[in-house]
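**Student:** Provide a 3D model corresponding to the input given below.
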Amino acid sequence: MKNVKLPDEEYQSVVAHIVDYMEDKHDLQLGQFEAEFLLDELVKKIAPLFYNQGLNKAIDVIQNNVLTLEELLDLEKEV
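**Tutor:** I've put the predicted structure just below:
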């Protein structure tokens with residue numbers, strides 16, 4: 001899987017959220033660099049998990065649609 005990259009605006013928004021969250025919830029002041037490093041590490045570890053989960057759900061949907069199609073084809077009458 002290629003590296004996941006957020007658009008710059010979203011990336012900066014998440015970094016700002018991390019900085020605010022760590023300060024509000026844990027009384028820990030992170031700088032921009034530390035928050036970016038944390039986000040990059042989390043994305044490396046978590047993105048493949050979400051990707052695989054999404055892929056598995058897509059496969060399930062396709063398999064269900066194929067079963068439905070097979071059932072519809074079985075309803076056709078022989079001529």
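**Student:** from what I see, L38 and H17 are in contact.
**Tutor:** No - at 11.3 Å, L38 and H17 do not qualify as touching, with contact defined as CB atoms under 8 Å. From N, CA and C alone the C-beta is placed, and that goes for glycine too.
**Student:** so between those two, which is more surrounded?
**Tutor:** The neighbour comparison of L38 against H17 (other CB atoms under 10 Å) goes to L38, with 15 against 12.
**Student:** contact partners for that one?
**Tutor:** By CB atoms under 8 Å, 6 or more residues apart in numbering, L38 lies in contact with I18, L30.
**Student:** tell me the SS of the most centrally placed residue in the chain?
**Tutor:** Nearest to the mean C-alpha position of the chain, by CA atoms, centre = their mean, lies F50 at 4.1 Å. Classification of F50 by DSSP: H, G, I helix; E, B strand; the rest coil places it in helix.
**Student:** how much space between it and Q32?
**Tutor:** Distance, F50 to Q32, by CB to CB, to the nearest Å: 25 Å.
**Student:** now the helices for this protein?
**Tutor:** Secondary structure of the chain, counting by DSSP state H: helices at 8-26, 32-75.
**Student:** of the ones you listed, which stretch is the most buried?
**Tutor:** Compared across these, helix 8-26 shows the largest average neighbour count, a mean of 13 (mean count of other CB atoms under 10 Å).
**Student:** ok, residues contacting that helix?
**Tutor:** By CB under 8 Å, 6+ apart, the list of residues contacting helix 8-26 from outside reads K5, L6, L28, Q29, L30, G31, Q32, A35, E36, L38, L39.
**Student:** try it again with 10 Å
**Tutor:** The contact list for helix 8-26 (CB atoms under 10 Å, 6 or more residues apart in numbering) reads 5-7, 28-40, 42-43.
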